[in-house]
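**Student:** Got a sequence here, can you model it:
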Amino acid sequence: MTQVNAYLSFDGNCRQVMTYYATCLEAEISLQTVGESPIAGQMPPAMKDQIMHSSISRNGKQLFMGSDMHRDKLITGNNTTLCVECESVEQATLFFKNLSKDGKVIDPLQKAFWGDTFGVLNDKYGRQWMFLSQGS
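**Tutor:** Residues are numbered from 1 along each chain as shown. Got it, this is the predicted structure:
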């Protein structure tokens, strides 16, 4: 089955943000620095602690990936939303509460007209999240 994975770009704070996300989502994190990669010798020494690749997983399933490595200037905006399909309303409530701390709630987590629990927030780093859980 084809799967699309979100890959987030950061400007030097990938470790900090991905660690925060892993904590909020009660997930596992994997990080590889430039210094740990096969191309370490080809990169400037100042980049050795930058994150070459990271991923967040939960229950053995990859949620999303991220890196400090990018070619162009990063612009934070509303062009990306991470949609999290939660296993239960309780899980959605926990994750929503964790990620909305120091952020901004756009749509409060509540039962939507189509029957699912739904909410949207911008986290403290400006990234938009959408939470969805079937049932009540």
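**Student:** all contacts plus neighbour counts: C-alpha atoms, from now on.
**Tutor:** Will do.
**Student:** In contact with residue 120, which residues?
**Tutor:** 105-109, 128-131 (C-alpha atoms under 8 Å, 6 or more residues apart in numbering).
**Student:** make it 6 Å
**Tutor:** Residue 120 makes contacts with 106-107, 129-130, as judged by C-alpha atoms under 6 Å, 6 or more residues apart in numbering.
**Student:** Can you tell me which residue sits nearest the middle of the protein?
**Tutor:** Centroid check for the chain by C-alpha atoms, centre = their mean gives residue 21 as the closest residue, at 5.6 Å.
**Student:** Tell me if I am right that it is in a strand.
**Tutor:** No - applying DSSP: H, G, I helix; E, B strand; the rest coil, one finds residue 21 to be helix, outside a strand.
**Student:** Distance check, it against residue 104.
**Tutor:** Residue 21 sits 16 Å away from residue 104, going by C-alpha to C-alpha, to the nearest Å.
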